[in-house]
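1. I'll drop the sequence and a predicted model, then ask my questions.
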Amino acid sequence: MHEFDLSSAVVTTVTKHAAGRQVQHVTLRIGRLRQVVLRTLEFYFAIVGKDTVCEGATLEIIDVPAVLRCNTCKNEWEIEIPAFICGTCGPGAVEVATGEEFMVESIEVEDEENAACTAPR
Ligand SMILES: [Zn+2]
């Protein structure tokens with residue numbers, strides 16, 4: 001249900017920003033640590049977005065690499081598999097710098113002229 005919840009959040013956010021205009025394309029910025037599967041997200045987005053301004057809109061994901069930062073020396077490195085150990089200092093306090101993003105980057109809506117035909121829900 002991970003992608004279902006995320007899809008619901010996307011539809012809610014996009015619907016708010018679309019302000020009644022039909023949405024054609026949505027670009028999302030998603031950190032790799034979220035482990036989101038685009039196809040699964042699209043599947044639920046189509047279900048949740050049905051009968052909303054999001055119906056028929058296409059999804060695009062901008063992948064954000066997972067980057068950790070050492071709290072001691074501020075060293076930053078990209079990871080494929082989470083390994084929370086700094087290559088310079090060894091084990092210690094580190095934090096996730098990027099990789100947990102999940103945000104709507106942009107939306108494309110049809111032009112204002114056509115938007116008059118679309119009833120806001
Ligand atoms: Zn370090």
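-> Received the coordinates, thanks.

2. Every contact and neighbour count from this point should use C-alpha atoms.
-> Noted.

3. quick one, longest helix in this structure?
-> The residue-count maximum for a helix in the chain (DSSP state H) belongs to helix 2-18.

4. so after that one, what's the next helix or strand?
-> Counting by DSSP states H and E, the element after helix 2-18 in chain order, helix or strand, is strand 23-31.

5. Adjacent strands (with direction) for that following strand?
-> strand 58-64 (parallel), strand 102-109 (antiparallel) (DSSP bridges).

6. could these be laid out in a markdown table, adding mean pLDDT?
-> Below are the strands paired with strand 23-31 laid out as a markdown table (pLDDT from 0 to 100):
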| stretch | mean pLDDT |
| --- | --- |
| strand 58-64 | 92 |
| strand 102-109 | 90 |
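
7. Which one of those lies nearest to the ion?
-> Closest approach to the ion among these is made by strand 58-64 (22.0 Å; C-alpha to the ion).

8. Can you give the distance from the helix or strand just after the closest one to the centre of its chain?
-> The first helix or strand that comes after strand 58-64 along the chain, using DSSP H and E, is strand 66-70. Chain-centre distance of strand 66-70: 19 Å, with C-alpha atoms, centre = their mean, to the nearest Å.

9. do stretch 73-81 as well
-> The answer for stretch 73-81 is 22 Å, by C-alpha atoms, centre = their mean.

10. same question, stretch 96-110
-> How far stretch 96-110 lies from its chain's middle: 4 Å, per C-alpha atoms, centre = their mean.
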